[in-house]
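# please find the sequence and the predicted model below.
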2 protein chains.
Amino acid sequence: MESTQDIVKKISDAGLKITPQRVTVLQMLCKLKNHPTADELFAEVSQILPGLSPTTIYNTLDTFVEKGLIKRVKTDADVMRYDAITDHHHHLYCAVSDRMEDYFDPELDRILSDYFNKKQISGFSVSDIRLQLMGDFNENNKN
Amino acid sequence: MESTQDIVKKISDAGLKITPQRVTVLQMLCKLKNHPTADELFAEVSQILPGLSPTTIYNTLDTFVEKGLIKRVKTDADVMRYDAITDHHHHLYCAVSDRMEDYFDPELDRILSDYFNKKQISGFSVSDIRLQLMGDFNENNKN
DNA sequence: AAGTTAGTTTGTAATATTTACAATTTAGAA
DNA sequence: TTCTAAATTGTAAATATTACAAACTAACTT
């Protein structure tokens, strides 16, 4: 769990001013594990900060992405989603339920980076490897 | 290169009626290597079929995806893209130029499927493995 | 502590993308 | 050729996102 102080430090370290909007958005993004959309974040953060403008959500998310505090994620299904976890990880995704979860696998990461260190792709230099594992969540794993 | 007859057969085999719109859309999608958006396809196909409705593009693409003739692709940047290549492949993607290319690597596919055959993810059953290789296209590889 | 200013938020409006739906047309079977 | 289900069209609406100017505020300076 990230304390408010950690959140504040992150934003500050990125060279951004500390505002209630930014702190709350980042905190919410860390708390919600379901890769929320801008709209979902707007709904959640609005409860804490009434009068929040949707534009602020978009601005804030864009700024955070730019500074590397969060990541954009897209599925094949719908709108943009956001992810506060910037540690290297992959995604499990079920197209039927449109549900997405994080997947960490250092062993796999090692295999992949070894592989692409050996194998050069002509005309392209790889900086990041992202997997999307398509499939089904078994019914007994609803968060 | 896919002949018109191949295209027609594909559509027909999917249990769909043959229409100029469908044939032209699928043909264009096979021809364009840049994972076009619905909008780009509308522009291209309109030149061949004036009077085409944007709605038809969306309908047609949805139907094709449903029947497995094409795939949806999303990058972290913008709108939905479409891909006529349904053979198993991955994507090279540069966020700066928003350029995307296909990447085929059977050796890698073997490694990955071996890996996930051994390693079970609890609560999730994998049906497809998609990689997005982020990075930069070297300047001398513009199609 | 108050003043200053660049950076941030807000609200409105515009744009872009996608979907809904009813009317018209057409492919392909009978 | 006729018929019917399926496909296409066009309009309009819903949704997602961006532009932009005005108002506000964090945090630096004095």
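Great, that's in hand.

# I'd like the next helix or strand past the lowest-mean-pLDDT helix or strand in chain A.
Every helix and strand of chain A was ranked by mean pLDDT, DSSP states H and E. The lowest is strand A:81-83, at a mean of 53. Moving toward the C-terminus from strand A:81-83, the next helix or strand (DSSP states H and E) is strand A:90-94.

# run the angle between the longest strand seen in chain A and strand B:124-137 for me.
Counting residues, the longest strand found in chain A (DSSP state E) is strand A:124-137. Interaxial angle of strand A:124-137 relative to strand B:124-137 (axes from the mean of the first three to the mean of the last three Cα atoms, to 10 degrees): 160 degrees.

# got the buried residues for strand A:124-137?
A:124, A:126, A:129-137 (16 or more other Cβ atoms under 10 Å in any protein chain shown). (C-beta placed from N, C-alpha, C; glycine too.)

# repeat for stretch A:9-17
Going by 16+ other Cβ under 10 Å, stretch A:9-17 has these buried residues: A:10-11, A:16.

# can you get me the start-to-end distance on it?
End-to-end distance for stretch A:9-17, by Cα to Cα, to the nearest Å: 10 Å.

# and the average pLDDT for that stretch is what?
Regarding stretch A:9-17, the rounded mean pLDDT is 93.

# and the most far-flung residue of chain A relative to its centre, what are its phi and psi?
Within chain A, the residue lying farthest from the chain centre (Cα atoms, centre = their mean) is A:Ser122, at 29.9 Å. A:Ser122 adopts backbone torsions of phi -70, psi 130, taken as degrees, to the nearest 10.

# wait, A:Asn138 sits on B:Gly123?
Yes - using Cβ atoms under 8 Å, A:Asn138 makes contact with B:Gly123 at a distance of 5.1 Å.

# A:Arg72 sits in which helix or strand?
strand A:71-73.

# distance to A:Thr24 added to the buried residues of stretch A:9-17, as a markdown table?
Output for these, formatted as a markdown table (distance: Cβ to Cβ, whole Å):
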| residue | distance to A:Thr24 |
| --- | --- |
| A:Lys10 | 13 |
| A:Ile11 | 11 |
| A:Leu16 | 14 |
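
# among those, which are in reach of DNA strand C?
A:Leu16 (Cβ under 7 Å from any atom of the strand).

# who's in contact with the residue nearest to A:Phe104 when sequence neighbours are not counted?
Spatial nearest neighbour of A:Phe104, excluding adjacent residues (Cβ to Cβ, 6 or more residues apart in numbering or on different chains): A:His89 at 4.9 Å. Residues counted as contacts of A:His89 (Cβ atoms under 8 Å, 6 or more residues apart in numbering or on different chains) are A:102-104.

# most surrounded residue in the residues you listed?
Tallying neighbours with other Cβ atoms under 10 Å in any protein chain shown puts A:Tyr103 at the head of those, with 17 neighbours.

# just list the residues touching the nearest residue to that one once chain neighbours are set aside, thanks.
Excluding the flanking residues, the one nearest A:Tyr103 by Cβ to Cβ, 6+ apart is A:His90, at 4.5 Å. Neighbouring residues of A:His90 by Cβ under 8 Å, 6+ apart: A:102-105, A:108, A:130-133.
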